[in-house]
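Asker: Everything below, folded, please.
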Amino acid sequence: SVNITHTLSCSQRSQKQITVRSGSVSLSEMDASKKSDQEETILYSLPNASFGYVLVKTLGEGDFGTVHKCVALDTKELVALKIVKKEYAQYGKREVDMLKRLRKLDPHKNNLIMFNRHLLYSETFMLEFEMLDMNIDDLIDSCDRPLHLSEIQVITQQMLVALNALRSIRIVHADIKPDNIMLVNHKLQPLKVKLIDFDLARTVDELKLDKTIQILSYRAPEVLLGLCLNEAVDTWALGCVMADMYLCTDLYTPLCEFDRVKDMVQMQGQPDDRLLNYGTYTENYFCKHSDSPRPSWKLYIDCKRCRKGVLTWNTSKFTSLDDIVKTRPNTTENVDTQAFLSLLKQMMEVDPEKRIIPSKEFIDTKPPLMCLL
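Answerer: The predicted structure follows:
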């Protein structure tokens, strides 16, 4: 548990008319003696600090900590408060250091979450962020229809801007997935999104020393094979998110790393020998045949590590990325659909050196493949 004093004195319980503002939006008045969102409102009293928080709702809990919807008592603003578990203080410090680096960038212009401040109390890191609305998975679940291509591409364009900004300061997010792309306020600013959660972010130089990045469904080929890594891993992951938004489900649903490589080979073909020859982990998935004119690799029939198990491998229903657009009948020849597919293929190029770079020039020129942006 977090070592923070929870104070509910009589005077605090009778505290009324806390006017909460998020941007220019006036929210309803709060009474600390009542329950909010079916949870008791708690006032965080922070020793040796000039501010505190009223807890409105716990939004979620992860391996490293919890995120709460709160009112900051000094600003009267609704904020997201991330409390890092004491045993993971080193991760809290690393995230704060990374967020300080990001202050070189305009968070609103570059579609990045606004980091307000942090507090370290009794080895517990508390990070305050602007309060956002819902993530992409929530958006998909809330819709009674698939997202329109125009909606998908508006979201994608904003994330390309974010990736270009990170690239300008040689930062890799390393954990792009639907959970980490959030709408700012879907009612007032439809489809305005920001990239969140930088606790796994790295500089490009740090990335070369760290191979354990990205969750499996969004893991780039070069991570799986054990090749040199750079910002291209984020472009691949964003391509996966694009496909998820189109399909309303995950493109990849692997059971293990081999399963993930197998599906990639099935849909996009086997990586070039040039990549396989240099991959630290290539032999986890492929065996080399020396009886051919040049060294060649062949994918194993099943996972070396799981052969003794009883798992049934989950085979992708797609044989190519082109099959994705066939899930929406009578649209495959549509110009907008082909533009979407063209961009998707460039973002999900297996060879990271051939993968598209989300540069400012690319985003600004809006070539035919991005005609909807």
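Asker: Please count neighbours and contacts with C-alpha atoms only from this point.
Answerer: OK.
Asker: how about the helices of the stretch 151-300 of the chain, start to end?
Answerer: 204-207, 221-225, 232-247, 257-268, 273-278 (DSSP state H, counting those that start in this stretch).
Asker: looking at those, which is closest to residue 153?
Answerer: Among the helices of the stretch 151-300 of the chain, helix 232-247 comes nearest to residue 153, with 8.2 Å by C-alpha to C-alpha.
Asker: Please work out which of the helices of the stretch 151-300 of the chain is packed deepest.
Answerer: helix 232-247 (a mean of 24; mean count of other C-alpha atoms under 10 Å).
Asker: tell me the domain boundaries of this protein?
Answerer: Domain assignment for the chain by automatic domain parsing gives 10-130, 136-370.
Asker: on that earlier part again, dump the helices of the stretch 151-300 of the chain to TSV, plus mean pLDDT and distance to residue 158.
Answerer: Below are the helices of the stretch 151-300 of the chain laid out as TSV (pLDDT from 0 to 100; distance: least, C-alpha to C-alpha, whole Å):
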stretch	mean pLDDT	distance to residue 158
helix 204-207	91	22
helix 221-225	96	24
helix 232-247	97	11
helix 257-268	94	26
helix 273-278	94	31
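Asker: Throw the ones you listed into TSV and include distance to residue 333, thanks.
Answerer: Formatted as TSV, those follow (distance: least, C-alpha to C-alpha, whole Å):
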stretch	distance to residue 333
helix 204-207	39
helix 221-225	29
helix 232-247	16
helix 257-268	20
helix 273-278	33
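Asker: out of those helices, nearest to residue 356?
Answerer: That would be helix 232-247 among the helices of the stretch 151-300 of the chain, by C-alpha to C-alpha, at 7.6 Å.
Asker: on contacts alone, who are the packing partners of the closest one?
Answerer: Helices and strands in packing contact with helix 232-247 are listed as helix 149-168, helix 335-347; criterion 3 or more C-alpha pairs under 8 Å, 6 or more residues apart in numbering; DSSP states H and E.
Asker: Looking at the ones you listed, which is nearest to residue 240?
Answerer: For residue 240, the closest of the helices and strands packed on helix 232-247 is helix 335-347, at 8.3 Å, according to C-alpha to C-alpha.
Asker: in the closest one, what's buried?
Answerer: 336, 337, 338, 339, 340, 341, 342, 343, 344, 345, 346, 347 (16 or more other C-alpha atoms under 10 Å).
Asker: Stretch 119-132 now?
Answerer: Using 16+ other C-alpha under 10 Å as the test for burial, stretch 119-132 gives 121, 123, 124, 125, 126, 127, 128, 129, 130, 131, 132.
Asker: what does stretch 279-298 give?
Answerer: Applying 16+ other C-alpha under 10 Å to stretch 279-298 flags 279, 281, 282, 283, 284, 285, 286, 288, 296, 297 as buried.
Asker: Output the buried residues of helix 335-347 as TSV; include the columns pLDDT and distance to residue 166.
Answerer: Formatted as TSV, those follow (pLDDT from 0 to 100; distance: C-alpha to C-alpha, whole Å):
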residue	pLDDT	distance to residue 166
336	90	28
337	92	28
338	92	28
339	92	25
340	94	24
341	94	25
342	94	24
343	95	20
344	96	20
345	96	22
346	96	19
347	97	17
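Asker: Where strands are concerned, which of the buried residues of stretch 279-298 count?
Answerer: 286, 288, 296, 297 (DSSP state E).
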